[in-house]
Every structure is written in C-alpha cells, then in structure tokens.
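[1] whatever this is, show me its structure:
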Amino acid sequence: MSQNVITLYDVPSTASQPWLPNIWRIRLILNHKRLPYRTVWVEFTDIEQTLRAIRAPPTSFKSDNRPVYTLPVIVDPLRSRSNPTVLSNVNTIAEYLESAYPARPIFPEGSRALQSLFVHYIQEVFAKPLLPILVPLSHQRLPERSQAHFQNGAPVTYPQLTPAQREQAWRAVKDQFDFLASILDKNSGSDGDGVVAMGREISYADFALCSVLIWIARVAPHDGWPRVRQWNSGRWARVWERCKDCMDEY
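    Next up is the predicted model:
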C-alpha cells in the first residue's frame with residue numbers, strides 16, 4: 001500500500017506533532033483532498049543527500065549557481081511507480097496536486113492569481129514579525145544532530161529576548177493580525193462568512209494562513225497560541241476550526 005501512495009518528506013522534531021508551516025500547507029491540501037500519503041522524516045543534515053538520491057529538483061540556486069535543496073518534497077506514483085513524479089517547492093506542489101487531483105479543489109475558478117498574492121503576503125510579510133519569537137523555539141524542538149547542522153556542527157545560540165522585547169515583538173505580530181483581520185472583514189455579510197479568504201469555501205490561501213497558526217500553536221503552546229486565538233474577537237480560533245478537519249491525516 002505504501003508504495004502506491006504519495007510520499008511527503010518532512011523534518012523530525014522532539015515534539016509529538018510536525019510544525020514546519022510550509023510542509024503543513026501540503027499536509028492540509030493532502031488531507032483536504034483525502035489523498036492517502038506516508039511521511040518520510042529527514043533530518044536537516046541529510047536533506048540534500050536524500051533529495052539528490054530521489055532526483056528531487058532543487059528548490060532554488062545560490063548566487064554561484066549551486067543548488068539549494070529544501071522541504072517539502074513529494075513523490076507521487078500516480079502515473080508510474082517506476083518513474084514517479086518528484087516535486088519540490090511548496091507552491092509548485094500545491095498546483096500539481098490541484099491539477100492531478102481536481103476533486104475537492106483548493107483554487108476556485110479564476111482565483112489563482114489573487115490567491116498567489118495572498119500566499120506571498122502571508123509568507124513574506126505577515127509571518128516575518130514571528131521569526132524572532134518562533135525561530136529559537138523551533139530550533140529547540142529539533143533533534144540535536146539537526147540543531148548542530150546550522151553552524152558547521154556547533155550548536156546555534158539565539159539572543160534571548162527580554163520580557164519587554166518579547167512583548168514588543170508580539171505587538172508587531174498583532175499589528176499584522178489586525179491588518180489581515182480588517183481585510184478579511186470585507187468578506188462578511190453577503191460576500192461571505194468573514195472567516196475564509198475566498199468568502200465561504202476553504203482554499204489554498206486559508207491553508208497558508210492556518211499553517212502559520214499551527215506553527216504558533218506547536219512551538220509556543222503556552223505563550224503564543226493562547227494570546228493569538230483571542231485576538232480580533234476570536235477570529236483566528238475560527239480559522240483554525242474551519243481547517244481542523246484537514247489537520248488529521250486521511
């Protein structure tokens with residue numbers, strides 16, 4: 001059975017649940033489309049070697065043209081078990097899954113361009129203020145071997161935020177959540193339920209947002225998620241609930 005289902009490559013952690021937001025985007029799509037899949041766990045140290053071995057395309061290239069390999073990656077034997085489709089880059093994978101498995105769509109007709117802009121905003125603007133808070137916490141959840149990977153085999157240390165700095169960082173995060181809430185409010189009433197990006201139906205844009213919420217909940221369950229879920233009159237808890245059925249593997 002496992003040879004006939006999609007394989008998703010992810011990074012292990014010391015936590016009981018995966019947390020990487022880009023990979024959660026793909027998990028949410030797979031679960032939404034009810035596609036069986038299995039997970040292969042790859043430590044950061046082994047990513048390039050592993051992905052080269054399965055002939056995964058590089059995610060990007062450095063200035064000297066050296067390839068960069070990152071996760072998520074999927075292997076899909078839909079067309080051929082001996083020559084499966086191997087894809088990297090979260091957005092490329094999302095578009096492939098929509099094309100190969102059109103049932104339960106994530107891109108309503110005519111929405112790809114606007115959704116692409118929304119997802120770019122979530123990744124490049126909305127999530128940026130979270131980095132000084134969540135990156136050190138995420139690093140702590142990696143196995144020791146993966147932790148050492150990020151600085152030539154030596155453990156990485158991150159500056160410790162003072163309580164005042166931490167609160168200032170959370171205020172910057174809230175500014176982004178407040179702005180996004182004001183945008184999503186435009187879908188309230190006759191235009192939609194005011195919760196999901198496309199008005200009423202869940203879509204890829206919602207999965208990009210929810211993957212950030214999952215990241216917060218997984219790595220900051222005591223300080224981060226309890227405050228975020230109350231912001232904007234509980235809007236983000238409602239987004240979580242709309243995506244909750246897609247959080248469990250099909």
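[2] all strands of the protein, in order?
    If DSSP state E is used as the criterion, the strands of the chain fall at 6-10, 37-41, 60-61, 67-68, 73-76, 85-88.
[3] can you list those in CSV and add mean neighbour count and distance to Phe126?
    No exception for glycine: its C-beta is placed from N, CA and C like everyone else's. Shown next, in CSV, are these (neighbours: other CB atoms under 10 Å; distance: least, CB to CB, whole Å):
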stretch, mean neighbour count, distance to Phe126
strand 6-10, 21, 23
strand 37-41, 15, 27
strand 60-61, 10, 21
strand 67-68, 12, 23
strand 73-76, 22, 25
strand 85-88, 18, 23
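[4] now those in CSV, with distance to Thr50?
    Converted to CSV, those look like this (distance: least, CB to CB, whole Å):
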stretch, distance to Thr50
strand 6-10, 7
strand 37-41, 8
strand 60-61, 17
strand 67-68, 14
strand 73-76, 9
strand 85-88, 12
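[5] may I have the predicted confidence score for Phe150?
    Reading off the confidence values, Phe150 has pLDDT 55.
[6] mind checking the longest helix of the protein?
    helix 163-184 (DSSP state H).
[7] average pLDDT for that helix?
    On average, helix 163-184 scores 96.
[8] ditto for stretch 106-123
    Averaging pLDDT along stretch 106-123 gives 95.
[9] please save the CA atoms from that stretch in PDB.
    Extracted in PDB, the C-alpha atoms of stretch 106-123 (Å, rounded to 0.1, in the frame of the first residue of the first chain):
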ATOM      1  CA  ILE A 106      -8.300  24.500  -3.400                       C
ATOM      2  CA  PHE A 107      -8.200  27.000  -6.300                       C
ATOM      3  CA  PRO A 108     -11.800  28.100  -7.100                       C
ATOM      4  CA  GLU A 109     -12.000  29.100 -10.800                       C
ATOM      5  CA  GLY A 110     -10.300  32.400 -11.600                       C
ATOM      6  CA  SER A 111      -8.700  32.700  -8.100                       C
ATOM      7  CA  ARG A 112      -5.100  31.500  -8.700                       C
ATOM      8  CA  ALA A 113      -3.600  35.000  -9.300                       C
ATOM      9  CA  LEU A 114      -5.200  36.600  -6.200                       C
ATOM     10  CA  GLN A 115      -4.500  33.500  -4.000                       C
ATOM     11  CA  SER A 116      -0.900  33.600  -5.100                       C
ATOM     12  CA  LEU A 117      -0.700  37.200  -4.000                       C
ATOM     13  CA  PHE A 118      -2.400  36.400  -0.700                       C
ATOM     14  CA  VAL A 119       0.000  33.500   0.000                       C
ATOM     15  CA  HIS A 120       3.000  35.600  -0.900                       C
ATOM     16  CA  TYR A 121       1.800  38.200   1.600                       C
ATOM     17  CA  ILE A 122       1.400  35.600   4.300                       C
ATOM     18  CA  GLN A 123       4.900  34.200   3.800                       C
END
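[10] returning to what we had before: so can I have CSV of the strands of the chain showing distance to Lys244 and mean pLDDT?
    Formatted as CSV, the strands of the chain follow (distance: least, CB to CB, whole Å; pLDDT from 0 to 100):
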stretch, distance to Lys244, mean pLDDT
strand 6-10, 20, 96
strand 37-41, 19, 95
strand 60-61, 33, 90
strand 67-68, 33, 92
strand 73-76, 23, 97
strand 85-88, 27, 96
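[11] what is the end-to-end distance of stretch 53-69?
    End-to-end distance for stretch 53-69: 12 Å, by CA to CA, to the nearest Å.
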